[in-house]
Structures are given as C-alpha cells and as structure tokens.
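**Student:** 3D, please:
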Amino acid sequence: MINAIAIDDEPSALEVLERYAAKVPFLTLKKTFYSTAEALAYLHAEPVQLIFLDIHMPDMLGTDFARTIQSAKTQIVFTTAFAEYALEGFNLKALDYLLKPFDFARFLQACNRALEQVDTNPGQDESSIFVKEGYDWVRVNLDEVLYIQSDTNLLFIHERQRRLTTRMTLAEMLDMLPAERFARVHKSYIVALDAVQKIEKHQLTLEKHTIPLASAYRERIEERLLKRK
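**Tutor:** As a prediction, this is how the structure comes out:
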C-alpha cells in the first residue's frame, strides 16, 4: 500500500481526489489539508510516500512547499489548473503533473507511476502495476509481461501464462511502464526488452511470438538492446 496525503485550498478539488483515491486498491489517502502549514506539521509526525499538491496555495506556493520536504522516500504529484508551472514542477523532480480538471484515468497513471517508484517496501523492488479488466482491478507482474498489443482503445497484455485486456491507449500504458524495461517498437506494440531473443529487419522474436518492428523504431531499439547486459 502507498500512503498519501492531499493538499489543496479548494474543497471541491479535495473531494475529487478523495473520490478517485477510493477507487485505487493500492492507495490510502490518509488525510487532506487546506493549508501547507498544517500539512507540514503532520508530515513531521507521520511521513507518507506520496503527496498530491496544489500549487496556488494561500500560505505558500506548492513549489516552495515541495522544496522544504524534498526526500527520496516522498514523491510529489502536482495538481493544478496552471500549466505554466509544469517546467518548474518537473525541475523539482515531481513524479507527475496533473492539470485540472483531470479524469480518473489520468489520476490512475500517476498512481501506477508511484507504485513503481515509491519505496513502499524498503529493500524490495516494486515490479507491478494495476490495470482494470472489466469491473476488476488486476495486478500485472511486469516480470511476466512479454509484449502489449493495441487495438484502438483496447490493450492486450500478453504475459507468459495469460492475456489481460484493458481499455487504455498504448501511449497511456507506456507512461505507466518503467522506461528502462519496456519500449515501443511499432505503432501497435510495446515489448519487454529482456524478453527479446532475436532482432531481424522487420520483426522481433520473443519466445514463441513474432512482433513487427517498424523502421522508425529500429535504430533506437537495436541501440538499446545491444547495450543491455
């Protein structure tokens, strides 16, 4: 589980975050705050792994607040209506930047990133994400994924022993996956780099599967694969 707090001076914004957080099975929103000062006092006593943080706050800008609590064990997702702070937010090494109004799918992308990067179990490497299949949330073990195929807004996640179907675009999925382990090789395919066994001119072989390799991705994929140890 990831423990989180949310800071925003708008009650309606906090209500949205509470509603979205309740739908994410691996996220616990411990508390919400209208004031950065109150949040800071809470964090001294109860550290969390993730903070959803508005930028335009009355007592302190969210970007300034982020500088006061920078920690390798605490990730920040900025939630704001002001796009002009995006560069500064990412310079502060924010996990994500959600531009209001954002929908649940975009919120979930940020949470799945947190699942990969936040140190929920010291000494262990997080290696899974959650996707929605039908009405259920299903954990995907990234070590088992061979490739992901797109068909319009449906994705087919091919693991070694099963196939999952989720409603999402390939670009959205790519945002959730660790970039050092997965790569796009075609307009309709993402592959697990460690699963690739053979590179040919127009295709890749992953165990018993043959995946098309588009010419636009070929040079970059060859470079990444040949440099892997």
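
**Student:** what residues are up against residue 51?
**Tutor:** When contacts are counted by CB atoms under 8 Å, 6 or more residues apart in numbering, residue 51 touches 4, 5, 6, 7, 39, 69, 74, 75, 76, 77. (Glycine included, C-beta is placed from N, CA and C.)

**Student:** swap the cut-off to 7 Å and go again
**Tutor:** Residues near residue 51 by CB atoms under 7 Å, 6 or more residues apart in numbering: 4, 5, 7, 74, 76.

**Student:** Neighbour-wise, which one of those leads?
**Tutor:** Counting neighbours by other CB atoms under 10 Å, residue 7 comes out on top of the contacts of residue 51 with 27 neighbours.

**Student:** Okay, and the beta partners of that residue?
**Tutor:** Using DSSP bridges, the bridge partners assigned to residue 7 are residue 33, residue 53.

**Student:** Who are the contact partners of it?
**Tutor:** Counting by CB under 7 Å, 6+ apart, residue 7 makes contact with 33, 36, 39, 51, 53, 54.

**Student:** I'd like to know how many residues surround the residue nearest to residue 99 when sequence neighbours are not counted.
**Tutor:** Counting by CB to CB, 6 or more residues apart in numbering, residue 99 lies nearest to residue 83, which is 5.8 Å off, once chain neighbours are set aside. For residue 83, the count of nearby residues is 10 (other CB under 10 Å).

**Student:** From the contacts of residue 51, which shows the smallest pLDDT?
**Tutor:** Across those, the member with the lowest pLDDT is residue 74, scoring 86.

**Student:** What are the neighbouring residues in contact with that residue?
**Tutor:** Residue 74 sits next to 47, 48, 49, 51 when contact means CB under 7 Å, 6+ apart.

**Student:** ok, what's across the strand from it?
**Tutor:** residue 71.

**Student:** what's next to stretch 214-223, contact-wise?
**Tutor:** Contacts for stretch 214-223 (CB under 7 Å, 6+ apart): 183, 184, 185, 186, 187, 199, 213.

**Student:** Kindly recompute the last result at 8 Å.
**Tutor:** Contacts for stretch 214-223 (CB under 8 Å, 6+ apart): 183, 184, 185, 186, 187, 199, 201, 202, 204, 213.

**Student:** Show me how far that stretch is from its chain's centre.
**Tutor:** Here stretch 214-223 is found 25 Å from its chain centre; the criterion is CA atoms, centre = their mean, to the nearest Å.

**Student:** Also stretch 31-45?
**Tutor:** Its chain's C-alpha centre and that of stretch 31-45 lie 24 Å apart, by CA atoms, centre = their mean.

**Student:** got it, and stretch 59-67?
**Tutor:** 23 Å.

**Student:** Okay then, goodbye and thanks.
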